[in-house]
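> here is my input, please return the structure:
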Amino acid sequence: EDPEMLAYNDLINQAPAEYRDALGQEWNIYEDIQESAKIVLAEVGIETRNKNVITLLEATGLAGYDESAARIYLLPELIDQALDSAPKTFVGDEGANTLGIGGIPPFLYREADEFPLPASYEELDHLIEVISENLDVVRFLSQPVKVHRGDPLACNKIMDRLDNCIKVTCSAYMNDDDAVKWFSGREDWHDSICGLKSPLTAMDDMLQALVKSAEAGNNLRLTTMPLAGRTSPHTPQGCLILNQAEVMFMLAAAQTVRPGVLCMFGGMPCTTGPHGDLAYSHDAMNLLNVAVARLNMWLTGLPTVQSGGSTEEKRPDEKALQDGIRGRRILCEFGVHHARHCFGVLDNLNFFSEEAFVKDCDAHRGYLKNKPEKIALKPLHIPPDDQALAVIRRVAGGDYYVDYHTTAHISVFDDWAADLEAEGLLPPI
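You can find the predicted model right below:
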């Protein structure tokens, strides 16, 4: 039997009978997204001027660069090859619904501040102490907050006091090669690198850092954050295709440099509000990230880390707490692999608050204690969009906000969440 069919049947058969058709359709949408992502890489390509990466990829015989457009195109075979050589497990992986913190919010929330400020080394030191008391729920972390003029290596060494959890850094911000190498060979450290700026545009220096880190054999988290309706199409399917294409490009680069290097899939698409700001309190923010997780857990097999369980609220108040509780529930009850930004983060990832962090951890502890042993597999009912690929072909690296497709689908994320709500698939409000 075809192993993919077996995987499919195993998955669908563990769901309640009334959900099986919908889950089968969802699986088909994921297959379509993965295929479409390959078409995007082959036909729309990625803008880059990084000679090193161009040479590297062209040497495979499965990629070609067009100087006049400054775009590189990858054949589907290169993506398949990269997926074959990429590990599907890693040391210290605790499986589904592993939650953590990440993303280095620029500011530390302080009640009295009149304008936002980063943290000091002393404050970082104190936060790591507080985090150490909550490692039963926080299973991985990147630096919880930016340190004013902080040296990344010095900050990492403070974080390194925590054992029995995974620490995440970003070597792209380290100045010398030794800094990049100090955590290579360490299974409890991962390197999170965002090599692209959505839509479909390489950040060439970051891409260089990615190559360097892959060469060192570091455990990689390949991240990108397309914003629905701004830097990607404004439908779940369109946004997911672009998200998938961007990470597949970084995966191809990393696996070409060093086949077998760990690459976690770090695509973290984001819903946006009417003014283009992020919408972290929106149910669809969490649902969109569940969809990415499922696409990889079900189809590509790549270990995968997404975002969610956070809030738009600017203060560590009751609404912020409830947003986090609801978001984490959505992530865990539909099921993700790793999710970051789940504790202590306010204002769409702009602030880290110690007060919010402690409350979030306590709330999640309570949730874990009382949640049912087995949660039925339930469908996401992703709204299909047969125009998704056409939009990406048309807009490519441009502004999705001004495209008529965005206007036509302006309420799609609201409707998606409302429909799931109506079917009783979301936590009660």
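> got a list of contacts for stretch 25-41?
Stretch 25-41 is contacted from outside by 8, 11-12, 73-74, 76, 79, 200, 237, 240-242, 244-245, 248-249, 252, 291, 294-295, 298-300, 379-382, 384, 388-389, 392-393, using C-beta atoms under 8 Å, 6 or more residues apart in numbering. Bear in mind the C-beta positions are built from the backbone N, C-alpha and C, glycine included.
> show me these that map onto strands.
73-74 (DSSP state E).
> now list the buried members of the contacts of stretch 25-41.
8, 11-12, 73-74, 79, 200, 237, 240-242, 244-245, 248-249, 252, 291, 294-295, 298-300, 379-382, 388-389, 392 (16 or more other C-beta atoms under 10 Å).
> looking at those residues, which are in helices?
8, 11-12, 79, 237, 240-242, 244-245, 248-249, 252, 291, 294, 388-389, 392 (DSSP state H).
> look up how far Ala37 lies from Val91.
Going from Val91 to Ala37 by C-beta to C-beta, to the nearest Å gives 28 Å.
> okay, the two: which has more neighbours?
Using other C-beta atoms under 10 Å as the criterion, Val91 and Ala37 rank with Ala37 on top: 26 against 11.
> and that one, how far is that from Ile193?
To Ile193, Ala37 is 19 Å away according to C-beta to C-beta.
> and Pro199, by the same measure?
Plainly put, Pro199 is 18 Å away from Ile193 if you go by C-beta to C-beta.
> before we move on, what about Leu295?
For Leu295 relative to Ile193 (C-beta to C-beta), the value is 21 Å.
> low-scoring stretches of the stretch 1-150 of the chain, by residue?
Counting by pLDDT under 70, the ranges of the stretch 1-150 of the chain that qualify are 1.
> do that again at 80, thanks
Along the stretch 1-150 of the chain, segments meeting pLDDT under 80 span 1-5, 103.
> show me the strands in it, by range?
All strands of the stretch 1-150 of the chain, identified by DSSP state E, counting those that start in this stretch, fall at 46-47, 63-66, 71-74, 98-99, 107-108, 140-142.
> now the helices for the stretch 51-200 of the chain?
For the stretch 51-200 of the chain, helices defined by DSSP state H, counting those that start in this stretch occupy the ranges 51-58, 76-85, 121-132, 152-159, 177-181.
> residues of the last one that come out buried?
Right, the one you point to is helix 177-181. Judged by neighbour count (16+ other C-beta under 10 Å), helix 177-181 contains these buried residues: 179-181.
> could these go into CSV alongside pLDDT and distance to Ile166?
Listed next are the buried residues of helix 177-181 as CSV, based on pLDDT from 0 to 100; distance: C-beta to C-beta, whole Å:
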residue, pLDDT, distance to Ile166
Ala179, 74, 19
Val180, 77, 18
Lys181, 77, 19
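> mind listing what Val345 touches?
The neighbours of Val345, taking C-beta under 8 Å, 6+ apart as the test, are 101, 103, 105, 310-311, 351-353, 356.
> ok, it to Asp323 distance?
Distance, Val345 to Asp323, by C-beta to C-beta: 11 Å.
> go on, Gly185?
Distance from Gly185 to Asp323, by C-beta to C-beta: 39 Å.
> with neighbour numbers in mind, choose between the two.
Neighbour count, other C-beta under 10 Å: between Gly185 and Asp323, Asp323 has more, with 24 against 11.
> what residue, apart from its backbone neighbours, is nearest the more buried one spatially?
Setting aside the residues directly before and after it, Asp323 is nearest to Thr311 in space (C-beta to C-beta, 6 or more residues apart in numbering), at 3.7 Å.
> residues contacting the one you found?
Thr311 makes contacts with 280-281, 319-320, 323-324, 327, 345-347, as judged by C-beta under 8 Å, 6+ apart.
> likewise for Tyr400?
199, 229-234, 391, 406.
> can we see that at 7 Å?
Tyr400 makes contact with 199, 229-234, 406, according to C-beta atoms under 7 Å, 6 or more residues apart in numbering.
> do the same with Leu278
With contacts defined as C-beta under 7 Å, 6+ apart, the neighbours of Leu278 are 270, 272, 348.
> so of these, which ones are in helices?
Among the contacts of Leu278, DSSP H puts none in helices.
> of these - the most surrounded one?
The member of the contacts of Leu278 that has the most neighbours, counting by other C-beta under 10 Å, is Cys270 with 28 neighbours.
> for the stretch 201-350 of the chain, what spans make up the strands?
Using DSSP E, counting those that start in this stretch, strands in the stretch 201-350 of the chain cover 201-202, 219-224, 263-267, 305-307, 338-340, 345-346.
> between the ones you listed, which one is nearest to Asp415?
Asp415 lies closest to strand 305-307 among the strands of the stretch 201-350 of the chain, at 21.8 Å (C-beta to C-beta).
> let's test this: mean pLDDT of the closest one, rounded?
Averaging pLDDT along strand 305-307 gives 98.
> and it, what does it pack onto?
helix 283-294, strand 338-340 (3 or more C-beta pairs under 7 Å, 6 or more residues apart in numbering; DSSP states H and E).
> just the C-alpha atoms of the first one, please, in PDB.
It stands for helix 283-294. Extracted as PDB, the C-alpha positions of helix 283-294 are listed here (Å, rounded to 0.1, in the frame of the first residue of the first chain):
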ATOM      1  CA  ASP A 283      -9.600  33.300  16.600                       C
ATOM      2  CA  ALA A 284      -8.500  33.100  13.000                       C
ATOM      3  CA  MET A 285      -5.000  34.000  14.000                       C
ATOM      4  CA  ASN A 286      -4.800  30.800  16.000                       C
ATOM      5  CA  LEU A 287      -6.800  28.800  13.400                       C
ATOM      6  CA  LEU A 288      -4.500  29.800  10.600                       C
ATOM      7  CA  ASN A 289      -1.400  28.700  12.600                       C
ATOM      8  CA  VAL A 290      -3.100  25.400  13.400                       C
ATOM      9  CA  ALA A 291      -3.600  24.900   9.600                       C
ATOM     10  CA  VAL A 292       0.100  25.400   9.000                       C
ATOM     11  CA  ALA A 293       0.900  22.900  11.800                       C
ATOM     12  CA  ARG A 294      -1.400  20.300  10.400                       C
END
